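A.B. asks: Need a 3D model of the following:
(2 chains)
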Amino acid sequence: MTLLRLEQVARSVDLPDGSRLEILRGIDLVVDAGEHVSVVGRSGSGKSTLLNLLGLIDSPSSGRILFDEEPVESMPGSRRDRSRGRDVGFVFQQFNLLPGRTATENVVTPLLYAGGQQFWRRRRLAIEMLDRVGLGHRLDSTPDKLSGGEQQRVAIARALVRRPRLILADEPTGALDVETGMSVMRLLDEVATSTGAALITITHDPNIAAMASRRYRLEDGVLQTLLPAAGGIAR
Amino acid sequence: MNGFLGALIEAWAEFRVNKARVVLSLVGVGVAVLAMTAVVGVGQIATQAQIEQLEASSGRPATLYVGNPYNPVTGQPADGAKVAPVVAALAERYGIRYVAESSWLNAQVQTPNGVQGGDGRGVDVPYGEMHRIALAEGHWFTDRDADRLMPAIVINDYLWRQLGSPPLSSHPTVTLLTDRTIQAAVIGVQPGSPYESYPRFFILNSAWQAVQPTPAAMNGGTSWEFWVPTAISDELTARIKSEVSAALGDGWQVDVNRNDYLAWGSSDPLGPLRLVLLGVAGLVLLLGALGLVNISLVTVRQRIREIGIRRAFGATASRVFLAVMLESVVATVVAGAIGVVLAILLVRNDFVMQYIAPGVTDPPPFPAEAALVGFLAATGVGALAGLLPALIAVRVKVIDAIRY
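C.D. replies: Numbers count the residues shown, from 1 in each chain, chains lettered A, B, ... in the order given. Below you'll find the predicted structure:
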C-alpha cells in the first residue's frame, strides 16, 4: 500500500540577487507502508529540503506530493499540521530534545497534540515507549544528564510514541560515535519494523544507508536509485 | 477541550521549567498588581473613612436640617415646643424613623480640677446612628435611658480622663452646673482627638428637660434633622418648610436645607481623589506590563527552536498561539493572585488601617472591587503581554526553527 508518493517534485528558492536556486529537480519517489528507504548525499545536495517535503513541513515549487494518495497541497495548513503530528515522526541529527524537560516529558510532548486515549494516557504511553528503547531507568533524567546515544533513543521514543506510519530520520547518527550510531540505527529499524512504520533515513554515511532495503543517492538535486548493499538488514 | 488542556499543560510545564526566569519577569507584574490593588483598596477604605467623618459632622445622605425658626425682624427664635409636634407629625406621616432634635446646652462641668465650660448637646436617641457616633467605652442612649431618675450622659475622652478614667461598670457620675446642680450617670465615652482640651457631652433632650425645665438653661440653638431617602429629599424639604411655616403662622423664617456631603455639589466630592489614585495605579501596572512584554519578547526569540520542534510534532499554529498566550496568562494570573493576597494582607493590617482610616465605625471589608480589578488587570496584562510573542511564535517557520 502506497503511503507517500512524490511526482516530479521540484523545490527552488529565490536568492537575494534575483536569481533562482534549484535545490531539488524532478523527484519521483514512492514509499510503501513498512518500507525502509535511505537517501545518501553530500552536504548541500538537498537532503534536508527533501526531508522537509516528505515530512509535510515544506511545499514543493512544482510537482505533487500525495500522502495516502491525497494531494498534500490541497490540505489546509492546520490539517496538514495535524496529519504530520499523527502520521509522521521525526528523528533529528541534533536530537532536538526540549531542554529542562525529563525524558518522559519529552516523549509526552507529541501526545499533547493527540486526542482521545493517546492524550489521556500520555504518560503511561511515554513510559512504555521509553522502556521499549531501553531507557526505563532514565525516565526522570533531563537531556543534560543523558549521553548522546541516550538522547537519541529518547528522540526515537518521541518520534514513535504516536505510532506514526512514517518515520523520517535526518542524519540520526550524525552526532554519535560509530558504535553508538549503529546501535541506535538497529534500534530505530527494529522499532519501526515492529510498529509497521515506513522509515526514511537521510544520511551521508554509506554504512547507515546500507541498512535500508531500498537506497537512493541525491546528487545536485536529482534522486538516483542505487542497488541494495550487501549486508543490508532484510525487512 | 483536549487542545486547551494540552496548551495549559504546556504553559504550566514552561512555567515550571523556567521558574527563575518566569518568577523574575513576574516580580514587576506582581508588584504592580499589589500596588494597584492596594491603592484601590486603600482608596476605598480612606474614602469610607472620609465619608464617615463627613457624615459624623453633617449627617448621612440625605439629612434635612431644620434650623430653629426665627423672626427676621427681631431675630428672636421661635418656641421649640411649637415646632416639635409638627416635626413629630411629619415623621409619622412620612414614616421617617430617623428624626432627631438637638440643642446646645448652657452648662458647666465640675471636674476634680475645677469647674470647666463645656460643649453640651441635648439629642434624641436616633442622633447617634445618624451621626455615626462611635464610643470607646460603654454604649449610646436607648429609649429606656429617658426613664432614668438620674439622666444618662455620654462624655468625651477628655472629660473621662479628667474623672480619672473610671470603669463604667463602677457607675461614675458627672456633675453639671446650670442654675442648679445636676448629677448625670456616665454610660458612654466618645473617643476624641488627643488635642481636644475641653469637656464635651451628650444628654437626652427628654432627660434634660426633666431635670432642667427652665428655658434659660438653653442658649436657643435648637434644630431638627431628618435622615431620609435621597430620592424624596427635595420633596420633603418643601413639605417640611411649608408645614412648619403653617404651624407657626406669619412672620417666622423657616430654613430647611440638605446638610450632608452629597448636597455640596452635583458631583462626588471624592471623585477627583479616586481618579488620581486610579491613575497612579494604572501607571504602575503599565510599567509592569511593559517589563513583562520586554522579557516575553526576548524569551520567545530564545524558544524558536522549541516552537519549531513542537510544530514538527503536530502543533498547529493556533495551538502554538494559545500555548504562548496561556504561558503569559497563567503566569500573570499566579502573580496577580499573589499580588492581590499581599495587598489584602497589607491593607487589612491593623497598623495600616489605623493610619489610613482611624476611627472608622463601619470598617469596610477589603473591597471586592479592588481584588477583582487587580485580578482582571493581571489577566489582561498577561493576555496583552502574551499577544506579541504569540504572534511572533505563530510566524516561526518550522524548517528555520529546527535549524535555529
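A.B. asks: what packs against the worst-scoring helix or strand of chain A on mean pLDDT?
C.D. replies: The weakest-scoring helix or strand in chain A, judged by mean pLDDT, DSSP states H and E, is helix A:178-195 (a mean of 83). Counting contacts by 3 or more CB pairs under 8 Å, 6 or more residues apart in numbering or on different chains; DSSP states H and E, helix A:178-195 is packed against strand A:36-40, helix A:148-160, strand A:166-170, strand A:198-203, helix A:206-209. (C-beta placed from N, C-alpha, C; glycine too.)
A.B. asks: Could you say which one of those comes nearest to chain B?
C.D. replies: Proximity of these to chain B was assessed by CB to the nearest CB; the nearest stretch is helix A:148-160, lying at 7.4 Å.
A.B. asks: Now do the contacts for the residue of chain A found nearest chain B.
C.D. replies: Using CB to the nearest CB, the closest approach of chain A to chain B is made by residue A:85 at 1.4 Å. The contact partners of residue A:85, taken as CB atoms under 8 Å, 6 or more residues apart in numbering or on different chains, are A:110, A:113-114, A:162, B:313-315.
A.B. asks: what do you get if the cut-off is 10 Å, keeping everything else the same?
C.D. replies: Applying CB atoms under 10 Å, 6 or more residues apart in numbering or on different chains to residue A:85 gives the contacts A:56, A:110-114, A:162, A:164, B:310-316, B:319.
A.B. asks: Distance from the chain centre to stretch A:45-55, please.
C.D. replies: Relative to its parent chain, stretch A:45-55 has a centroid offset of 10 Å by CA atoms, centre = their mean, to the nearest Å.
A.B. asks: wait, I meant stretch B:105-113
C.D. replies: Put simply, stretch B:105-113 sits 35 Å off its chain's centre (CA atoms, centre = their mean).
A.B. asks: Residue A:47 and residue B:399, how far apart?
C.D. replies: Distance, residue A:47 to residue B:399, by CB to CB, to the nearest Å: 13 Å.
A.B. asks: where do the helices sit along chain A?
C.D. replies: With DSSP state H as the criterion, chain A has helices at A:47-54, A:77-87, A:103-108, A:116-120, A:122-132, A:148-160, A:178-195, A:206-209.
A.B. asks: Pipe these into a markdown table and attach distance to residue A:35 per row.
C.D. replies: Putting the helices of chain A into a markdown table (distance: least, CB to CB, whole Å) gives the following:
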| stretch | distance to residue A:35 |
| --- | --- |
| helix A:47-54 | 13 |
| helix A:77-87 | 15 |
| helix A:103-108 | 25 |
| helix A:116-120 | 25 |
| helix A:122-132 | 21 |
| helix A:148-160 | 16 |
| helix A:178-195 | 10 |
| helix A:206-209 | 14 |
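A.B. asks: Quick one: the helices in chain B, in order.
C.D. replies: Under the criterion DSSP H, helices of chain B are mapped to B:2-17, B:19-58, B:80-94, B:127-130, B:157-162, B:205-211, B:233-248, B:271-302, B:304-312, B:317-347, B:350-356, B:368-394, B:398-403.
A.B. asks: can you tell me which of those comes nearest to residue A:208?
C.D. replies: Closest to residue A:208 of these is helix B:398-403 (CB to CB; 20.3 Å).
A.B. asks: Spell out for me which residue occupies the centre of the chain.
C.D. replies: As the question left the chain open, I've gone with chain A. With distances taken as CA atoms, centre = their mean, residue A:168 lies nearest the centre of chain A, 1.2 Å away.
A.B. asks: Hmm, no, I was thinking of chain B.
C.D. replies: residue B:48 (1.2 Å).
A.B. asks: Show me the shaky parts of the stretch 201-350 of chain B.
C.D. replies: B:214-220, B:265-271, B:274 (pLDDT under 70).
A.B. asks: Pull the contacting residues for the residue of it found nearest chain A.
C.D. replies: Nearest to chain A, among the residues of the stretch 201-350 of chain B, is residue B:314, at 1.4 Å (CB to the nearest CB). Shown in contact with residue B:314 (CB under 10 Å, 6+ apart): A:81-89, A:109-114, A:162, A:164.
A.B. asks: One more pass at 6 Å, please.
C.D. replies: A:84-85, A:113 (CB atoms under 6 Å, 6 or more residues apart in numbering or on different chains).
A.B. asks: how much space is there between it and residue A:213?
C.D. replies: Distance from residue B:314 to residue A:213, by CB to CB: 28 Å.
A.B. asks: try residue B:392
C.D. replies: Counting by CB to CB - residue B:392 and residue A:213 are separated by 43 Å.
A.B. asks: and what of residue A:170?
C.D. replies: Relative to residue A:213, residue A:170 is positioned 19 Å away (criterion: CB to CB).
A.B. asks: Check residue B:25 too.
C.D. replies: Distance check for residue B:25 against residue A:213: by CB to CB, it reads 52 Å.
A.B. asks: Count the residues that sit near residue B:366.
C.D. replies: Residues near residue B:366, counting by other CB atoms under 10 Å in any protein chain shown, number 21.
A.B. asks: cool, and the one 3 residues further on?
C.D. replies: The number of residues packed around residue B:369, counting by other CB under 10 Å, is 11.
A.B. asks: next one: residue B:196
C.D. replies: With other CB under 10 Å as criterion, residue B:196 counts 14.
A.B. asks: Need the pLDDT of it.
C.D. replies: We have a pLDDT of 81 for residue B:196.
A.B. asks: Residue B:129 too?
C.D. replies: Looking at residue B:129, its pLDDT is 91.
A.B. asks: do residue B:176 as well
C.D. replies: Model confidence at residue B:176, given as pLDDT, is 92.
A.B. asks: who in the stretch 201-350 of chain B is up against chain A?
C.D. replies: Residues of the stretch 201-350 of chain B found near chain A (CB under 6 Å from any CB of the partner chain) are B:306, B:309, B:312-316.
A.B. asks: need the residues you listed in TSV with distance to residue B:248, can you?
C.D. replies: Listed next are those as TSV, based on distance: CB to CB, whole Å:
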residue	distance to residue B:248
B:306	88
B:309	92
B:312	94
B:313	92
B:314	91
B:315	86
B:316	85
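A.B. asks: So which of those residues wins on neighbours?
C.D. replies: Within these, most neighbours by other CB under 10 Å means residue B:315, with 30 neighbours.
A.B. asks: if I look at that one, how far off is residue A:39?
C.D. replies: Residue B:315 is 26 Å from residue A:39, by CB to CB.
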